[in-house]
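Novice: Based on what follows, work out the 3D shape:
(2 chains)
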Amino acid sequence: MLQYVNVSIDGAIIRAIKGATVLDTAIEYGICIPHLCHVPYLSDIGSCRLCIVEHVVNGRSKITTSCTLNVQEGMVILTNTEKIRKLRRNIAELLVAEAPNSRAIQDIAVRCGVKEVRYPFRNADCVLCGRCVRVCAEVWKAKAKGFVGRGKERHVDFPFGIRPDFCKQCGACIQLCPMTIPPCDGPMKPGEERLCGNCESQLMISENMPGSCTWCRLGEGFACGRYV
Amino acid sequence: MPRLNSFRELEHLRQRLLEERRGLTTTVLVCGGTGCRASHSGDLIAAIESELSQQGLEGRVRLRATGCHGFCEQGPIVIIEPSDIFYCHVAPDDAFEIVSQTVARGEVIERLLYTDPISGEKVRTESEIPFYRQQYRRILSLNRLVDPRSIEDYIAAGGYSSLVKVLDKVEPDKIVMEIEASGLRGRGGGGFPTGRKWRECREAPGDEKYVICNADEGDPGAYMDRCVLEGNPHLVLEGMMIGAWAVGAREGYIYVRNEYPLAVEHSRIAVEQMRELGLIGENILGTSFSFDVKVARGGGAFVCGESTALMASVEGKVGEPRPKDVHTAVDGLYHKPTVLNNVETWANVPAIIHNGSAWFASNGTAGSRGSKILALTGNIKNTGLVEVAMGTPIKTVVFDIGGGAVNGRPIKAVQIGGPSGGCLPVDKFDLPIDFDILSQAGSMVGSGGMVVMDEGSCMVDVARYFLAFLQDESCGKCVPCRLGIDRMLEIVTDITEGRGTLKQLDLLEELAETVAETALCGLGKTAPNPVISTLCYFRSEYEAHIVDMKCPAGVCKALITYWIDPERCNGCGVCLQSCPHNAVTGKKKEPHMIDTQLCQKCGICRSECKFDAIRIV
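Specialist: Predicted structure coming up:
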């Protein structure tokens, strides 16, 4: 039998399933917390840090990722404070400056309220969200790819750089990759990267109505909890 | 040696060892710590050993290769007991003199004594040296009592009596209460109350629990854990065993980095010796307590000093931190309750049990009790390991113990707590060494690394150095740490190379705050500290780089030019010959010139010039 606990998310008292994460609970109740590395059927590693929330304990708020935080009785969570919005915007800005050539990342940036990018663009191919690595290891039990290197050198690769036999090229990793969705106007040429903002008109609503889900295409594209 | 099956057998062994050693008249202590080994104390030990046997003194004199004495700058150090004569900078060639004069006849060799730099007088014993006088050496002073390779030394010096005490008559719950009452806080960086951690682990459900000793010390310039583990491994192991008994663990790990070969070797020898004596294994000393220790070697990743990354590494996984929404005291190694403490924290435990929590708490401030080992390095006269009571002002450490600036330039700042610590300017030197006060000031006690900088250091360059270190050592898992540090480094590099703008300074501040708030683990959360603290206390230097395009300290190469003062240059031609880029021109006996187009700003000419004619502008 399922057990329930009462938690407060943005002031709303929610009856959440015991053992669920704050992010899953919030999405289930229509409170959209932006996220990138979270996929509902995979384990959470808390690497993109977009789903940060304020967890208020004894009057002191602690910033943590909602995908790795399990609900507990009486928990107080704030997902959309001034502070969180600012931090989330800065993280999204870092991401979009690193990899502007993805519709998904561009949309996340707009969703998090990035208006300008203050860093030089880099046009990387991977943001190391780890979705591919986890789907390969956890769903298909193949472990055909993993993270290699540390810090700046970190990248996703096959063991020893050679595609092993047990990789059946099922393509599950490609389906979940946020970099496979190109911007609407086609891929940007090196040196011409910009903040796209085409979907801004649609997504601007979200900023005025904090916490609401706009059923953005973003989620449909790569397995937002609402579309699964 | 036979296995010890009861407390009485251990006590008998201790008495027997003391009896055997009664015949010794003199003990020669030679520092075999890493610092002194680098200045050939290994050869010195061999030389003294052969001298002793040649002069037939083996029976009466004992040679003991000890761990670090702390004053590494003066190494190799030799102390002759019982008269406590302290020799420094001893070379292997001095062995004959030391043995024939000091050991055999008790004469002091003036030449090898330490010279007080202020009064210029020769100092005979350790306790009279200003470097040692201001210290409060609780842990480091034990180093000289034992040879780290000999469990007999440790037992003869009263070792394992705290373990006997807790196994014999202290309830595990009482031990935790005693540690809580002592106010001991984690010495590895976070400063988490040790007692509370033990309590949490003790109360966590599950039979299988672990204790871990974190000896993965990777801060540039810090080596206190190394010296404690190298110099006195049994002290750390005794602390771990008391902790294991208190929380109910049966297995422990010492996680030590492989770059510390001596620490690995000594801890392995120590574990082997203990196993032989039955001090680890099943039913230790005839009690119901069973405990085993394994030595796990780290591959040299800085991030593996973080608790969850360390545990992943021990498990054989990639050393990456994981979110710690549940403390590791409840969900740690193999998802079992685990107590992870730093080397120095474990080393404090036996003394607390032996002397009581009130004794430990009698020193220090309200929030931080006991003593702290600091690694004093940088532009300072006396470098080495320093142990002071908590609450000692920074200026005492820097000026009284450290002896002040080394090359005449005034001291500008001190960086406390390793790469994640902050830089404090001279006007903050009144602050005490205290976990809470230092973190309020934007720095931290951290692991205890203390780098002193004088006017010749550029604070922007210092921030750049630490960011580059952390960018290399970040595991790259989370976005704020991987990309945030990278972008901060990009901005700071821009500033040091003269491309910075004032707008970037605000961005840097905002980014630093974001990384500090949102990063996954302690490494990322503290990584912006060097930037935040230098921006707070040395903002004018950043502005000088951006607005005036000048590096006030003359460090940032893109913003300086070398210039020969024609009034001082007498045309000796040394700089002309030494310049690897042929940038210096001029005739003999006439003032020379530097071609700024060719000059690579290597600084060789400046160091070669005897007339101080080459200036940085």
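
Novice: how about A:His35, what does it touch?
Specialist: If you count contacts by C-beta atoms under 8 Å, 6 or more residues apart in numbering or on different chains, A:His35 has them with A:Leu23, A:Cys48, A:Leu50, A:Cys51, A:Cys67, A:Cys224. Backbone N, C-alpha and C define where each C-beta goes, glycine included.

Novice: Pull up the gap between the residue most central in space within chain A and chain B, please.
Specialist: Most central in chain A under C-alpha atoms, centre = their mean is A:Leu36, positioned 1.5 Å from the mean C-alpha point. Distance from A:Leu36 to chain B, counting by C-beta to the nearest C-beta, to the nearest Å: 8 Å.

Novice: follow-up on the earlier one: among the contacts of A:His35, name the ones in helices.
Specialist: A:Leu23 (DSSP state H).

Novice: which of the contacts of A:His35 lies closest to chain B?
Specialist: For those, the residue nearest chain B by C-beta to the nearest C-beta is A:Cys48; the value is 5.5 Å.

Novice: Can you report how many residues lie near the residue in the stretch 101-250 of chain B that chain A sits nearest to?
Specialist: Of all residues in the stretch 101-250 of chain B, B:Gly218 sits closest to chain A, at 12.8 Å by C-beta to the nearest C-beta. B:Gly218 has 19 neighbouring residues, counting by other C-beta atoms under 10 Å in any protein chain shown.

Novice: Quick check: chain neighbours aside, which residue is closest to it?
Specialist: The shortest distance from B:Gly218 to any non-neighbouring residue, by C-beta to C-beta, 6 or more residues apart in numbering or on different chains, is to B:Phe302 (4.0 Å).

Novice: Just the pLDDT at the one you found, thanks.
Specialist: On the pLDDT scale, B:Phe302 is placed at 90.

Novice: residues in contact with it?
Specialist: B:Gly218, B:Phe469, B:Glu473, B:Leu523.

Novice: top of those residues by neighbour count?
Specialist: B:Leu523 (24 neighbours).

Novice: element containing that one?
Specialist: helix B:522-526 (DSSP states H and E).

Novice: what's the average pLDDT for that helix?
Specialist: For helix B:522-526, the per-residue pLDDT averages 91.

Novice: got it, and stretch B:373-384?
Specialist: Per-residue scores along stretch B:373-384 average to 91.

Novice: quick check, distance from that stretch to the centre of its chain.
Specialist: 10 Å (C-alpha atoms, centre = their mean, to the nearest Å).

Novice: Quote the end-to-end distance of that stretch.
Specialist: The first residue of stretch B:373-384 is 10 Å away from its last residue (C-alpha to C-alpha, to the nearest Å).

Novice: Give me the buried positions along that stretch.
Specialist: Of the residues in stretch B:373-384, B:Ile373, B:Leu374, B:Ala375, B:Leu376, B:Thr377, B:Gly378, B:Asn379, B:Ile380, B:Lys381, B:Asn382, B:Thr383, B:Gly384 count as buried by neighbour count, 16 or more other C-beta atoms under 10 Å in any protein chain shown.

Novice: what about residue 130, how many neighbours?
Specialist: You didn't pick a chain, so chain A it is. Using other C-beta under 10 Å, A:Gly130 is surrounded by 23 other residues.

Novice: my bad, the chain I had in mind was chain B
Specialist: Residues near B:Pro130, counting by other C-beta under 10 Å: 18.

Novice: quick one: contacts for it?
Specialist: Taking C-beta under 8 Å, 6+ apart as the test, what B:Pro130 contacts is B:Asp116, B:Ile118, B:Asp400, B:Ile401, B:Gly403.

Novice: which SS class is the last one?
Specialist: In the three-state summary, B:Gly403 is assigned as coil, counting by DSSP: H, G, I helix; E, B strand; the rest coil.

Novice: now it, nearest residue through space, not along the chain?
Specialist: B:Lys381 (3.3 Å).

Novice: quick one on the thing from earlier: would you format the contacts of B:Phe302 as TSV with secondary structure and distance to A:Cys136 included?
Specialist: Compiled in TSV, these are given as follows (DSSP: H, G, I helix; E, B strand; the rest coil; distance: C-beta to C-beta, whole Å):
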residue	secondary structure	distance to A:Cys136
B:Gly218	coil	32
B:Phe469	helix	33
B:Glu473	helix	27
B:Leu523	helix	27
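
Novice: quick one on the thing from earlier: list the contacts of the residue nearest to the centre of chain A.
Specialist: A:Cys48, A:Leu50, A:Leu95, A:Ala104, A:Ile105, A:Ile108, A:Val127, A:Cys129, A:Pro178.

Novice: Now do the same contact list for residue 46.
Specialist: With no chain named, the answer covers chain A. A:Cys37, A:Thr65, A:Cys67, A:Thr68, B:Arg322, B:Pro323, B:Cys478, B:Leu520.

Novice: Correction: the question concerned chain B.
Specialist: B:Pro92.

Novice: That one and chain A, how far apart?
Specialist: 40 Å.

Novice: Assign that residue to one of the three secondary structure states.
Specialist: Under three-state DSSP, B:Ala46 comes out as helix.

Novice: Which secondary structure element is home to the closest residue to chain A within the stretch 501-617 of chain B?
Specialist: Ranked by C-beta to the nearest C-beta, the top residue of the stretch 501-617 of chain B for proximity to chain A is B:Thr514, at 4.1 Å. Per DSSP H and E, B:Thr514 falls inside helix B:502-518.
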